[in-house]
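J.: Got a predicted structure plus its sequence, pasted below:
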Amino acid sequence: MSKRGRVLVAMSGGIDSTVAAMMLHEEGYEIVGITMKTWDYANSGGTSKETGCCSLDSINDARSVAVNVGFHHFIIDIRDEFGDYVIDNFVEEYIAGRTPNPCVLCNTHIKWSSLLKRADALDCEFIATGHYAKIAELNGRKFITKGKDDRKDQSYVLWGLSQECLNRSNFPLGGFTKPEIRQMAYDFGYEELSKKAESYEICFVPDNDYRGFLKRRVDGLEERVKGGNFVNTSGEILGQHDGYPFYTIGQRKGLGLAFGEPMYVTEIQADTNTVVLGKVDELLRNGMTVSQINSMKYPEIPEGKEVVTQIRYNDRGTLSRLSKYGDKVDVQFLANVKGVAPGQSAVFYEGDDVVGGGIIYSSSNGK
C-alpha cells in the first residue's frame, strides 16, 4: 500500500472525476476507481440520447482511465437503492407541491453511504470525488468551505454530509478553477475530455423534462390533477392550469395565460390543486422555517447567529439571522428574498464556510 494511503475515487467518466483521480495518483495515493450505476435510461421513458454519468460511454471512459494509468476499477449497481430513495422522494415532493433537490438527497443518503461501504470492503482509508469544494476543520469538527471557483463551487449540495463522511472525504479540485482543471486534463493527455461540455441535467431526467418524467412515473397523474385553478393572491380565479405538480415557485413562463404585466407562481396549494400567481413583489419573503437540519461547522446551529443564507444553487445568498424552533431553524432575512421554494435546500454560510443547512419547510410573507 502507498505511504499516503489508499483512496476510493468516484469516477463518472467526466473531466472532473478523471482529473481528481489523476491528481491523487500523482500525489502518491494508491487509487481504486469506482463508478456507480444509479439509473437505467431505458426505464426513464424519455426520448433523448443516453448521456451523463450512468451512460455506457461514461462508464467505459472511466474504465479506460483506470486501465491506462494502471489502477483497479469497479462498477457497482445501486439502481434499486437510488430509485427507492432519491427518485421516489423526487416524485413525492412534487406531488406534495414542493420543489425537491435530488442531488442533495443523493449525496447525503445514497452516494456517500455507498462509497463508504465499498471503501471499507476495499480497504480504502479515504474517498474522493470531483466536487468543487474544500474541507476545513475547527475544534475537531470538519466542515465544507467554498471552492476557489465561484462559478463552479458545489458547497451548496454538500451541506448534508455527516462528520463521519467528512472525516474520510477528499476534494482534490477545491483549490482550482474549471479552466485550470481543463488544462490539467489536456496536460494528462486527455485532450478530447478537456473540451467536453458539461451537463446540468438531473441524471434520471435525461431530456430535462421533469413534467414528462412525472407523467410517465405516476399512472394517471395528468388526468388526476388537470383543471385546477390559477388564482391571484386575493383568491380570485384567473384561469385553469395543467396540474399543480407541473409548476414551481417563481415560474413566469409557460403559464398559458396572458396578463398586462409579468405574473409569477407565488404559492402551490396541493390539497386544492390551486396555483397562486402574483406580481414580482408578491414573491418576496422576509423569512422561512428550515427542517432536517445538519449543523456542520458547530455542534449545533448557534442561536441568533448572522449568516448568509443561500436558497438555491447559484443564489448569491442573503444576510440572515438564525433562531431555533424545536428541531427546526427559523431564518429571518435582513432583506426580503424572492422565490423561496419549500423542498429546496437552505445553506447557511459564515464567509466561505458552511455552518449547516436543511430543507425549506415554509416561508413567511415579506412586508
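T.: Happy to help now that I have it.
J.: how about the helices in this protein?
T.: Assigned helices in the chain, in chain order: 15-26, 56-69, 79-82, 88-95, 102-105, 112-121, 163-167, 178-187, 191-194, 210-217, 221-225 (criterion: DSSP state H).
J.: Out of these, which gets nearest to D352?
T.: With Cβ to Cβ, the closest approach to D352 among those belongs to helix 163-167: 15.7 Å. From N, CA and C alone the C-beta is placed, and that goes for glycine too.
J.: Would you map out the domains in this protein?
T.: Using automatic domain parsing, the domain ranges for the chain come out as 6-130+172-194, 224-278, 282-365.
J.: distance between the ends of the shortest one?
T.: What it means is domain 224-278. Across domain 224-278, the straight-line distance between its terminal residues is 25 Å, by Cα to Cα, to the nearest Å.
J.: Just the mean pLDDT for it, thanks.
T.: The average pLDDT for domain 224-278 rounds to 94.
J.: quick revisit: export the domains of the chain to a markdown table and tack on distance to K215 and mean neighbour count?
T.: What follows is the domains of the chain, written out as a markdown table (distance: least, Cβ to Cβ, whole Å; neighbours: other Cβ atoms under 10 Å):
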| stretch | distance to K215 | mean neighbour count |
| --- | --- | --- |
| domain 6-130+172-194 | 9 | 19 |
| domain 224-278 | 9 | 16 |
| domain 282-365 | 19 | 19 |
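J.: Distance to F143 for these - can I get that in a markdown table?
T.: Shown next, in a markdown table, are the domains of the chain (distance: least, Cβ to Cβ, whole Å):
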| stretch | distance to F143 |
| --- | --- |
| domain 6-130+172-194 | 13 |
| domain 224-278 | 29 |
| domain 282-365 | 4 |
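J.: which intervals of this protein have sub-threshold pLDDT?
T.: Counting by pLDDT under 70, the chain contains low-confidence ranges at 1-3, 41-55, 200, 366-367.
J.: So for it, the centremost residue is which one?
T.: Centroid-nearest residue in the chain, with Cα atoms, centre = their mean: C103, separated by 3.2 Å.
J.: Can you tell me the closest non-neighbouring residue to it?
T.: V157 (5.0 Å; Cβ to Cβ, 6 or more residues apart in numbering).
J.: how about the strands in the stretch 201-350 of the chain?
T.: Under the criterion DSSP state E, counting those that start in this stretch, the stretch 201-350 of the chain contains strands at 229-232, 237-240, 264-269, 274-278, 284-295, 306-310, 318-325, 328-338, 345-350.
J.: Put together JSON lines for these, with distance to H73 on each row.
T.: Shown next, in JSON lines, are the strands of the stretch 201-350 of the chain (distance: least, Cβ to Cβ, whole Å):
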{"stretch": "strand 229-232", "distance to H73": "52"}
{"stretch": "strand 237-240", "distance to H73": "53"}
{"stretch": "strand 264-269", "distance to H73": "44"}
{"stretch": "strand 274-278", "distance to H73": "47"}
{"stretch": "strand 284-295", "distance to H73": "32"}
{"stretch": "strand 306-310", "distance to H73": "35"}
{"stretch": "strand 318-325", "distance to H73": "43"}
{"stretch": "strand 328-338", "distance to H73": "42"}
{"stretch": "strand 345-350", "distance to H73": "32"}
